[in-house]
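Asks: Predicted model follows, preceded by the sequence.
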Amino acid sequence: MTVKQILLLGNPKLYETSISVDKDELDSLQNLVQDLHDTLMDFRSKHGVGRAVAAPQIDVKKRLIYMHIDRPVVFINPRIDQKGSEMVQLWDDCMSFPDLLVKVQRHKTCRIHYRDIDWREQAMILEGNLSELLQHECDHLDGVLAVSRAVDKYSFALRSQKQYLA
């Protein structure tokens, strides 16, 4: 379909809460999923990073996440219902602020429930990188950005300075 413009840090639309997808919207989601795919692949080709994108990042206020690591996965109306007690601290990046890294804390493990593109209920237990990634993307659906989760006032760095970060 189309590479969409990614909303950037400072755009107030990024702080809005998304609404659930209804089953009767399923047919119309194909174009949105393709737009998310095209946008993610374009970002990845330009920046060398990018594993997932949430619909609100392209100004669509729907609870939908598109992830493409080894294969495409569509998360419709995802919700994290269990979070492990162990936390990890990491430098988070985001397509909405591609030159900025933010040190955040995330749960090392979590469980996510969602519907797939065929409207089947699914659940995944996530660990490590996938856990932090889906927590980040679900935050986008609730209008929460990684900058709001910064560990402290020193938890910001330019990507070009990554070699100095611990």
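Replies: On my side now, so go ahead.
Asks: Point me to the residue sitting closest to the centre of this structure.
Replies: Most central in the chain under Cα atoms, centre = their mean is residue 137, positioned 2.4 Å from the mean C-alpha point.
Asks: any idea which element that residue lies in?
Replies: Using DSSP states H and E, residue 137 falls within helix 128-141.
Asks: list the buried ones in that helix?
Replies: Neighbour-count burial for helix 128-141 flags 130, 131, 132, 133, 134, 135, 136, 137, 138, 139, 140, 141 (criterion: 16 or more other Cβ atoms under 10 Å). For glycine as for every other residue, the C-beta is placed from the backbone atoms N, C-alpha and C.
Asks: Show me what the longest helix along the chain packs onto, helices and strands only.
Replies: The longest helix of the chain (DSSP state H) is helix 29-47. Secondary-structure packing of helix 29-47 (3 or more Cβ pairs under 8 Å, 6 or more residues apart in numbering; DSSP states H and E): strand 52-54, strand 64-68, strand 72-83.
Asks: Which neighbours in the sheet does whatever helix or strand residue 125 lives in have, and how are they oriented?
Replies: Element membership for residue 125 (DSSP H and E) is strand 121-127. For strand 121-127, sheet partners with direction are given as strand 109-115 (antiparallel), following DSSP bridges.
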